[in-house]
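J.: sequence and predicted structure, then a few things I'm wondering about:
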Amino acid sequence: MTPTEQLLRETYADIGERAPDSSPVLARILVGARIRRRRRRHLDIGLAVGVVVVAVAVPLAIWPHHTKPRYTTVQTPPTTVAMDITPTWLPPGVVETERRYDPGGYKVDDNPDPVGPRVIRVFRSATAKVTIVDGALPVTVTTRPVTVDGRNGVGVGTNTGSAFRLQVPWRSGRLLDVAVQGIPSARAATIRIAESVRSEPTVNLDLPLTCTDPLCGPHLGLDVHGTAQNWTATTGGLWVSLDIVHGVITEPDNAAAEHVTVNGRAAMVWQSGMRRSSTLIMPIGGGRQLRINSNSRRPLSRDEAVRVAKSVKLTGKSDYSWLGTRPG
């Protein structure tokens with residue numbers, strides 16, 4: 001499995017998997033019935049009953065998956081997304097490791113209204129993880145009442161366990177979703193984080209490229225994760241995924257990789273897997289690499305991979321210095 005396949009397995013999963021079972025993003029990233037079953041990291045909520053602990057995987061509703069999305073418009077993503085969701089308190093030791101953006105615009109299940117945009121921020125330490133989502137879909141597992149700043153919401157988890165998740169309405173009826181793992185008395189920490197979330201100051205998420213080829217549409221989201229030294233920015237549409245990778249360079253897994261020239265740059269393209277789908281890699285300077293491959297069950301041909309690469313334009317925006325830092 002390529003790094004891109006692994007990331008897409010994690011990223012594009014959750015809108016279609018709204019049941020509480022362990023499920024397959026982003027999309028996540030990023031999106032339809034034909035997108036292969038990519039699974040986002042789950043929030044495993046430990047529920048203690050006597051001396052028996054049952055781990056319940058609770059997927060974050062972020063990216064469309066097996067349920068066929070019905071697009072209302074083709075989204076044109078901005079080159080910089082302003083994310084107006086900032087915690088003013090976090091547990092000691094956690095730093096930001098990921099930001100995600102989904103422009104929405106598609107319908108899921110029998111809901112007549114298109115899914116709205118959503119943003120996600122993830123903070124980690126060696127043992128803990130905090131995930132904050134603006135615009136989450138409601139959880140469908142058994143919950144318990146929870147109150148955040150006088151607002152009634154729902155929670156999943158125990159009062160004393162090391163994992164807890166809550167959802168509470170906040171602005172314009174949108175759901176704020178906060179989940180904590182690996183922290184003692186996680187319920188209290190989760191409520192405190194949720195109470196600290198503010199709309200200001202805003203933070204930015206840069207889209208490092210645009211793609212005009214039809215295979216890149218109709219939906220583009222963005223997932224940036226890693227460290228300031230080694231990061232991956234993944235975007236894509238219904239048919240292809242596009243990564244810009246900094247610090248960790250992919251080498252062809254096929255000795256028969258073909259050397260091609262794309263917009264004056266040297267690139268390599270090869271086919272792999274039972275479907276003989278193509279992957280293209282191209283150094284783009286600054287220790288970065290563009291990587292293109294299929295985002296669906298439909299194989300990507302050699303000519304399509306080259307054509308998509310030719311349509312990619314770098315925005316010049318890739319300030320991910322926030323990786324490894326704390327808000328404020």
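T.: The structure has been received and is ready for your questions.

J.: list the contacts for residue 326?
T.: 90, 94-96, 123 (C-beta atoms under 8 Å, 6 or more residues apart in numbering). In this view, the C-beta of every residue, glycine as well, is placed from N, C-alpha and C.

J.: need the pLDDT of it.
T.: For residue 326, the pLDDT comes out at 96.

J.: and the helices in the protein?
T.: 3-11, 186-196, 302-311 (DSSP state H).

J.: pick the most buried one from these.
T.: helix 3-11 (a mean of 23; mean count of other C-beta atoms under 10 Å).

J.: low-scoring stretches of the stretch 1-150 of the chain, by residue?
T.: 1-78, 106-112, 114 (pLDDT under 70).

J.: apply 90 and report the result again.
T.: Scanning the stretch 1-150 of the chain for pLDDT under 90 picks out 1-81, 102-118, 136-143.

J.: pretty sure residue 209 sits against residue 313.
T.: Yes. Counting by C-beta atoms under 8 Å, residue 209 touches residue 313, with 6.5 Å between them.

J.: of those two, who's got more company?
T.: When residue 209 and residue 313 are compared on other C-beta atoms under 10 Å, the one with more neighbours turns out to be residue 209, at 23 against 11.

J.: tell me the contacts of residue 300?
T.: For residue 300, the contacting residues are 215, 239-240, 277-279, 292-294, 308, by C-beta under 8 Å, 6+ apart.

J.: ok, 10 Å please
T.: 215, 239-241, 269, 271, 275-280, 292-294, 308 (C-beta atoms under 10 Å, 6 or more residues apart in numbering).

J.: show the model's pLDDT score for it.
T.: pLDDT at residue 300 comes out at 94.

J.: could you do residue 260 as well?
T.: pLDDT, read off for residue 260, is 95.

J.: bridged to it, which residues?
T.: Beta bridges link residue 260 to residue 267, judged by DSSP bridges.
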